[in-house]
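Q: Have a look at this fold, sequence not included:
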């Protein structure tokens, strides 16, 4: 039986981030496809009907960074947070800026316009309206990127595993953000480095599996 259970919807980026943490730490886990909007999910896993949630024996957690930090601290394997105070603060800065200011615009405001496009055609007016904000966020992420190829330093950290999946999504599934990312070598390098990792290939959500097959 898997050591950890992660609950959420298969294509969502935040559950994906926690699964990436499991893979990077070498922790066996089971992903449980869940109706996170249901009363049962709220009562058992998350009081605000968000995702992901996690169980590890008697330990029950919700919220992405709480789960990621628990897995990082509770299990052996490579450390996913730096010990140096400056590098650790920069890792937190990426995660906080992404969650607090960027996610809403980049995902429901933009990415989902393509992933859930009616008849395969994105709402052009909505996409055009959000593009300046998307570019602003990518500029900030580019400025925060101080490592090579990772956000902070020369090893993967939780900053890469929490902010990175949506950057990968944007690169592969949205034409405008793809061009913006490819025009920024640091972000393009991050996408390529993440996509090459075994942890990502083991956890790719359904909308991105076709890209993995095409790359083989």
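A: Structure's in. What do you need? Since the model is a prediction, treat every value here as computed from it, not as a measurement.
Q: the strands in this structure, which residues?
A: 4-8, 29-33, 53-56, 59-62 (DSSP state E).
Q: what's the burial count for residue 28?
A: When neighbours are counted by other C-beta atoms under 10 Å, residue 28 registers 10. To be clear about C-beta, it is placed using only N, CA and C from the backbone, and glycine gets the same treatment.
Q: my bad, residue 95
A: Residue 95 has 23 nearby residues by other C-beta under 10 Å.
Q: try the one 4 residues further on
A: When neighbours are defined as other C-beta under 10 Å, residue 99 has 16 of them.
Q: Going forward, the N-terminal residue is numbered 29.
A: Sure, I'll start numbering at 29, so the last one becomes residue 127.
Q: need the contact list for the residue nearest to residue 40 when sequence neighbours are not counted.
A: Once flanking residues are discounted, residue 40 sits nearest to residue 79: 6.0 Å by C-beta to C-beta, 6 or more residues apart in numbering. The neighbourhood of residue 79, defined by C-beta atoms under 8 Å, 6 or more residues apart in numbering, consists of 35, 36, 37, 40, 42, 43, 62, 64, 90.
Q: hmm, back to that, which of the strands of the chain is buried the deepest?
A: Ranked by mean neighbour count under mean count of other C-beta atoms under 10 Å, the strands of the chain are led by strand 32-36, which reaches a mean of 24.
Q: List of residues touching that strand?
A: The contact list for strand 32-36 (C-beta under 8 Å, 6+ apart) reads 42-43, 46-47, 50, 55-62, 64, 69, 73, 79-84, 95, 99.
Q: So which helix or strand of this protein has the lowest pLDDT on average?
A: Lowest on mean pLDDT, DSSP states H and E among the helices and strands of the chain sits helix 234-243, with a mean of 64.
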